[in-house]
Each structure stands twice: as structure tokens, then as C-alpha cells.
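[1] got a sequence here, can you build the structure:
(one chain, ligands or ions: 1)
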Amino acid sequence: MMFFESKVALVTASGAGIGRAIAQRLAAEGAAVVVSDVNDEAGAATVALIVEAGGNAAYQRADVSSPEDVTALVEFAVETFGGLHLAVNNAGIGSMPKELQDLTLPEWDRTINVTLRGTFLSMQAEISHFRANGGGNIVNIASIAGIRATPQLTPYGAAKHGVISLTRSAALENAQQGIRVNAVAPGAIETASLAELPEEAKAGYAAEVPMHRLGKPEEIANAVVWLLSEESSFVTGVVLPVDGGTNA
Ligand SMILES: NC(=O)c1ccc[n+]([C@@H]2O[C@H](COP(=O)([O-])OP(=O)(O)OC[C@H]3O[C@@H](n4cnc5c(N)ncnc54)[C@H](O)[C@@H]3O)[C@@H](O)[C@H]2O)c1
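    The predicted structure is shown next:
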């Protein structure tokens, strides 16, 4: 049985990493998937992987920090696949390790604009569509940095705490509208953004995980599938850590 036959899904920042794994998995579960990114080549590559595997996907460029882009993204889903039922707000960018007092305003704004403002704008466009069309289901990709302190990564931590707050507030605002809103909080996952960090930092991440390993993007996709499916029909406003035990 496939979970998402006849459903349309969008995944922001699905040209790489966790977003790509989520897009691939949703397509494998029968959804028509709108792949979106600011990197057109990467987005096209995700679509190609999905189509090669027998799935249905189309690419639309969207910088999530742009209200015009996210509005156009929802319209693209409707025009291309006839609707929108599932949304995964995955776009988020970190900041270089630095203490709070040393951050420049552009560094702060860059992370906040994509990670927090982008999630807000995406949710606004999606919820407007869902309210007018009989409901829908949202999963935001937060981070354990949204639950715990993040010394040296304060813009990222502040943005992810904000993503969790948006998740909880929107879940309650929409609890009677047929719209569920949940978040997955990944721990350290093996993707490109982690690969950019210094070796020392990477080894440190794995050592801190109770399971003594980094997670895989597919392990995040598994949690997203559950939250988007009817298997979690009484679940809204939760933040599910997928982190090898780190948060515990
Ligand atoms: N990798 C981890 O260990 C980890 C841990 C916790 C949370 N997360 C979160 O998971 C999500 C995905 O992270 P990842 O590691 O897979 O990232 P990644 O770096 O592998 O991929 C990020 C993608 O985002 C795209 N992107 C960048 N700016 C964008 C924008 N303004 N609009 C749309 N797309 C944009 C990039 O082009 C790229 O394709 C992020 O929200 C991240 O904060 C990751």
C-alpha cells in the first residue's frame, strides 16, 4: 500500500540533502511532488531521480524568503498537478560558528530570512490554500537546535526555536480546519551542510550522539511520511526529534 496516492506534495529546498530524500520518498509513496530550490540544476536532478524511479515530479524555483516565490510555488502545484495536499517546509540555512557578540547583521539576517521568515511565508501560502480547499498537512523541518541551546550558532538556534513556535501556533489555529501542522527536529544528519563544517566539529557531532553515529536523510524522510500520513491523524503541534537519542 502506498501512503499518498492521488495526493500532491511540495518540498522546499529539495535539490539536496534531507529535502531531496523527503521528495523521493513522498513520490515513492505515490504523491505527485513539486520539487523546489534556488539551485535549478540541483532541483532538476531531484526530479530526474524521481522520474527514473517511476515517480511523478516537477520543478519550480522558489527562494523561500520571497513572498512572491512561495505564492507562485503553491500556484504551480495547483496548475501542474491540480491541487496541493501536503507541504514540507525544509529550507533552512545555518551560520558559521561564532559567538553572539561577534556576529554581523548580514550574517544574522541571512539565516533568519531563509530559515524563519521563509518558513513563515511558506506556511502562510500553504495554509491559505488549505483553508480554501478542505484542509491539508504541513511538516516543518526544525532541528534539535530549536529545542536546546546552540552556542556559536545563535542565529540558527533562534530561527529553529521560531520554526517550532510557528508550528505549534499554526497547529492550534488550524486544529478545527482539517489542517495538521507538525515538526521534525533532526539531530546531526549526513548531508552537504554538515560536510562543510571543520573535521573536528563533525567528529564531535557523532561522538555526542547516544547512538554514536550521524543520521541519514532517509531516516528524516521516514518520520515525515508518518506525520503526513493518516497514521498520525490525531497528532498535531508536535515536535518529533529524530536524533539518535541526542535530545533525551
Ligand atoms: N543536516 C543536518 O544535520 C540537519 C540537522 C538539523 C536540521 N537540519 C535542517 O534540515 C533542512 C535541510 O538541511 P540539509 O542539511 O538537507 O541541507 P543541504 O545543505 O543539504 O541542502 C539545502 C538546500 O537548500 C537550498 N536552499 C538554500 N537557500 C534556499 C532558499 N532561500 N530557498 C530555497 N532553497 C534554498 C540549497 O540550494 C540546497 O539545495 C534545513 O532546514 C536544516 O536546517 C539539517
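[2] establish whether stretch 197-211 and the ligand are in contact.
    No. Using CB under 6 Å from any ligand atom, we find that stretch 197-211 stays clear of the ligand, coming within 7.8 Å at best. Glycine gets a C-beta too; all of them are placed from N, C-alpha and C.
[3] who's in contact with the residue most central in space within the chain?
    Central residue of the chain (CA atoms, centre = their mean): residue 90, 1.8 Å from the mean position. Each residue near residue 90 by CB atoms under 8 Å, 6 or more residues apart in numbering is listed here: 11, 12, 13, 14, 18, 19, 22, 141.
[4] one more time with 10 Å
    10-14, 17-23, 36-37, 64, 118-119, 122, 139-141, 184, 220, 224 (CB atoms under 10 Å, 6 or more residues apart in numbering).
[5] checking residue 95 next. Helix, strand or coil?
    Per DSSP: H, G, I helix; E, B strand; the rest coil, the local secondary structure of residue 95 is coil.
[6] contacting residues for it?
    103, 107-108, 110-112, 115, 150, 152-159.
[7] and stretch 176-191, how far apart are its ends?
    37 Å (CA to CA, to the nearest Å).
[8] likewise for stretch 209-222?
    Length of stretch 209-222, first residue to last, CA to CA: 19 Å.
[9] quick one: average pLDDT of that stretch?
    Throughout stretch 209-222, pLDDT has a mean value of 96.
[10] so how far is it from its chain's centroid?
    16 Å (CA atoms, centre = their mean, to the nearest Å).
[11] stretch 19-33 too?
    A distance of 13 Å separates the centroid of the chain from that of stretch 19-33, by CA atoms, centre = their mean.
[12] just the CA atoms of it, as PDB, please.
    What follows is stretch 19-33, C-alpha atoms only, in PDB (Å, rounded to 0.1, in the frame of the first residue of the first chain):
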ATOM      1  CA  GLY A  19      14.700  17.700   1.200                       C
ATOM      2  CA  ARG A  20      15.700  15.500  -1.700                       C
ATOM      3  CA  ALA A  21      15.300  12.400   0.400                       C
ATOM      4  CA  ILE A  22      11.900  13.500   1.500                       C
ATOM      5  CA  ALA A  23      10.800  14.400  -2.100                       C
ATOM      6  CA  GLN A  24      12.000  11.000  -3.300                       C
ATOM      7  CA  ARG A  25      10.200   9.100  -0.500                       C
ATOM      8  CA  LEU A  26       6.900  11.000  -1.000                       C
ATOM      9  CA  ALA A  27       7.000  10.200  -4.700                       C
ATOM     10  CA  ALA A  28       7.700   6.600  -3.900                       C
ATOM     11  CA  GLU A  29       4.600   6.700  -1.700                       C
ATOM     12  CA  GLY A  30       2.500   7.800  -4.700                       C
ATOM     13  CA  ALA A  31       2.400  11.600  -4.400                       C
ATOM     14  CA  ALA A  32       2.900  14.000  -7.300                       C
ATOM     15  CA  VAL A  33       5.800  16.100  -5.900                       C
END
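[13] can you tell me the SS state at residue 84?
    coil.
[14] hmm, back to that, from the contacts of residue 90, which are also near the ligand?
    Okay, of the contacts of residue 90 touching the ligand (CB under 6 Å from any ligand atom), that's 12, 13, 17, 18, 19, 37, 64, 118, 141.
[15] of these, just say which sits nearest to residue 77.
    Nearest to residue 77 among the ones next to the ligand among the contacts of residue 90, counting by CB to CB, is residue 12 at 11.7 Å.
[16] correct me if wrong: that closest one contacts residue 141.
    Yes. Here residue 12 reaches residue 141: they are 8.8 Å apart, a contact under CB atoms under 10 Å.
[17] now the common contact residues for the two.
    By CB under 10 Å, 6+ apart, the residues touching both residue 12 and residue 141 are 19, 22, 88, 89, 90, 91, 92, 119.
[18] count of neighbours near the second one?
    If I follow you right, that is residue 22. 30 (other CB atoms under 10 Å).
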